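In: I need the structure of the sequence given here:
(one chain, ligands or ions: 1)
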Amino acid sequence: MGQRCLWANRFNPAQVDQLLLNWNGAGKRVNLELFGKPTELKPGESVTLEHSYEVQVGEGTVGFWPRESKAAKKERAKAICAGLMKAHPDATIALHFSSNWELLVATILSAQSTDVKVNEVTADLFSKYRTLQDYASADPTEFEEDIHATGFFRNKTKSIIGAAKAILEQFGGEVPGAMEELLQLPGVARKTANVVLGAGFGIAEGFVVDTHIARLSLRMGLTPRQKTKAINTDKIEKDLMDLIPQEHWTQMGHALIWHGRRICDAKKPLCAECPVAELCPKVGVKPK
Ligand code: SF4
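Out: Next comes the predicted model:
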């Protein structure tokens, strides 16, 4: 079931329970938040809100947020974008590479790994394997050893060797610079393709949605909360593309990732030091 929003200005605990019951198909305890702050409601008590609010349900929490028009959200997103790009003017891709092929390899290796670990591994890998042919004819067992430290090394080996072969056979030995062609390569989904297009070709075809961007988009209310734990990155990408002007997609992606690393940490967001705090509803962030 997808995200669902209700509009109302008066709720009581029974309604909230009913809401979650309808939502999950099973009764569960509900955490209630008003504007991101946990709120206690005793049985029989109700809360009256001044205006209409958006009700978002996710992971056992019902949150009430001020209603925001699409135009107002776009304005807020633009202001967040300006604030983050000003705060992180040096934001850029952290992966090391010297060609579009190396960028593709590093991006495939970065899944479920850190950029620091990938850069450590590719420092040796890129010296050992120099041409596409080197990768296409690599011994899979040896290659698995070479990239072992980045995790998921069997699948990544299949993807990288398979992508090298496909590029040699189908694309004349050049990494393709179009989304639909990149998506034909083994192990390449939209996120990887967006990284290669943005950082390699300077083409903003979509929005990179990694773990930082997914978390920040949710906290900033740029995309609705999702009911399931498995985050729908396609939905987040679409929401960001709707809200943020295309010319900023690549740089805003870098700025969001840097902001996630420096300020808006997964466990300890530094909201008091955040340059866009006044524009952020801090969805799901527990007050200290
Ligand atoms: S105000 Fe807090 S939650 Fe919002 S972006 Fe800044 S650090 Fe993250």
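In: does S113 sit in a helix, a strand or a coil?
Out: coil (DSSP: H, G, I helix; E, B strand; the rest coil).
In: Spit out the contact partners of it.
Out: 150-151 (CB atoms under 8 Å, 6 or more residues apart in numbering). Using the backbone N, CA and C atoms, a C-beta is placed for each residue, glycine as well.
In: Just the pLDDT for it.
Out: Looking at S113, its pLDDT stands at 94.
In: what does the one 3 residues further on give?
Out: At V116, the model reports a pLDDT of 96.
In: Make 691 the first number, not 1, from now on.
Out: Will do, 691 is the new start, and the previous item becomes V806.
In: any idea which element it lies in?
Out: V806 belongs to helix 805-818 when assigned by DSSP states H and E.
In: Remind me what the helix or strand following that helix packs against, helices and strands.
Out: Per DSSP H and E, helix 805-818 leads on to helix 822-826 as the next helix or strand towards the C-terminus. Counting contacts by 3 or more CB pairs under 8 Å, 6 or more residues apart in numbering; DSSP states H and E, helix 822-826 packs against helix 843-860.
In: hmm, who's touching the helix it packs on?
Out: With CB under 8 Å, 6+ apart, helix 843-860 has contacts from 791, 794-795, 798-799, 801, 822-823, 825-826, 828, 830, 833-835, 837, 840, 863-866, 874-878.
In: any chance you could read off phi and psi for the one residue in the stretch 691-840 of the chain that gets nearest to the ligand?
Out: Here the residue of the stretch 691-840 of the chain nearest the ligand is I770; by CB to the nearest ligand atom that distance is 8.0 Å. As for I770, its main-chain torsions (degrees, to the nearest 10) stand at phi -60, psi -40.
In: what's the distance between it and M931?
Out: Using CB to CB, to the nearest Å, we find I770 at a distance of 15 Å from M931.
In: The two: who's more crowded?
Out: I770 (24 against 15; other CB atoms under 10 Å).
In: That one contacts A967, correct?
Out: No: contact criterion CB atoms under 8 Å: I770 and A967 do not qualify, at 10.5 Å.
In: pLDDT score for the residue nearest to F861 when sequence neighbours are not counted?
Out: If the residues on either side of it in the chain are set aside, F861 comes closest to E871, at 6.8 Å by CB to CB, 6 or more residues apart in numbering. Note for E871: predicted pLDDT of 98.
In: was I right about E871 contacting E864?
Out: No: judged on CB under 8 Å, E871 makes no contact with E864 at a distance of 10.2 Å.
In: Show me which of the two is the more surrounded one.
Out: Neighbour count, other CB under 10 Å: between E871 and E864, E871 has more, with 16 against 11.
In: Give me the distance between the more buried one and the ligand.
Out: Taking CB to the nearest ligand atom, to the nearest Å as the measure, E871 falls 35 Å from the ligand.
In: Alright, that wraps it up for me.
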